[in-house]
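Peer 1: My questions are about this predicted structure, shown below with the sequence.
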Amino acid sequence: MIFPTVKATSLTNKSYQLPHDLEGELNLVIVAFKQWQQDWVDTWIPSLQSLAYQHKKLRVYEMPTMSRFNGLYRFMIDNGMRAGIPDKAVRAATLCAYIDIPPFAKSLALPTTDTIYLLLLDRRGEILWRGQGAFDQAQLDELAAMVERLTIAA
């Protein structure tokens, strides 16, 4: 399955067209749909940063996915997120997508938007692995093994 084409903007105001503009050979995109899900995203970040440090070809991105809003509302949301993230590298890897959520979720065969999804993509946008929910050591181990296999094979 290929990740759908999505326009997003980082919290450093860089425009992206996903999956093509993602910068790693492997890219882990954490897709969240609701503000409270940031707590679940945060449970993953230390382990994922460590994994990316071990595997230089891996990049980790957060993708808060929100319904389309007018420009002023987007500006307020983005500035609120920017203010809550002091680390410039994290802001640069936070890609805000204001999209029509139901077709996006359907294109990825996501059964619900009541959880977060972790999607490992190759350069073409092919989804090589997927996980979901708050941090889970078994899922991390599975992801780490997949990244290891893919980086050795490359």
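Peer 2: Structure received.

Peer 1: how many other residues sit next to K7?
Peer 2: For K7, the neighbour count with other CB atoms under 10 Å is 13. C-beta coordinates here come from the backbone N, C-alpha and C atoms, glycine included.

Peer 1: Validate this expectation: it resides in a helix.
Peer 2: No. Assessed by DSSP: H, G, I helix; E, B strand; the rest coil, K7 does not belong to a helix; its assignment is strand.

Peer 1: pLDDT value on the nearest residue to it once chain neighbours are set aside, please?
Peer 2: Spatial nearest neighbour of K7, excluding adjacent residues (CB to CB, 6 or more residues apart in numbering): Q17 at 5.8 Å. What the model reports for Q17 is a pLDDT of 96.

Peer 1: Surely Q17 touches V6?
Peer 2: Yes. Using CB atoms under 8 Å, Q17 is in contact with V6, at 7.4 Å.

Peer 1: Of these two, which one has the most company?
Peer 2: Set Q17 next to V6 and count neighbours by other CB under 10 Å: V6 wins out with 19 against 11.

Peer 1: Could you pull up the residues touching that one?
Peer 2: For V6, the residues meeting the contact criterion (CB atoms under 8 Å, 6 or more residues apart in numbering) are 17-19, 63, 97, 99, 104.

Peer 1: one more time with 6 Å
Peer 2: V6 sits next to 18, 97 when contact means CB atoms under 6 Å, 6 or more residues apart in numbering.

Peer 1: and whichever strand or helix holds the residue nearest to K7, which strands flank it?
Peer 2: Per DSSP states H and E: Q17 is located in strand 15-18. Strand 15-18 sits in its sheet next to strand 6-10 (antiparallel), going by DSSP bridges.

Peer 1: Centre of the chain to the longest strand anywhere in the chain, how far?
Peer 2: Determined from DSSP state E, the single longest strand within the chain is strand 58-66. Its chain's average C-alpha position is 2 Å from that of strand 58-66, according to CA atoms, centre = their mean, to the nearest Å.

Peer 1: Helix, strand, or coil at D21?
Peer 2: Under the three-state scheme (three-state DSSP), D21 adopts coil.
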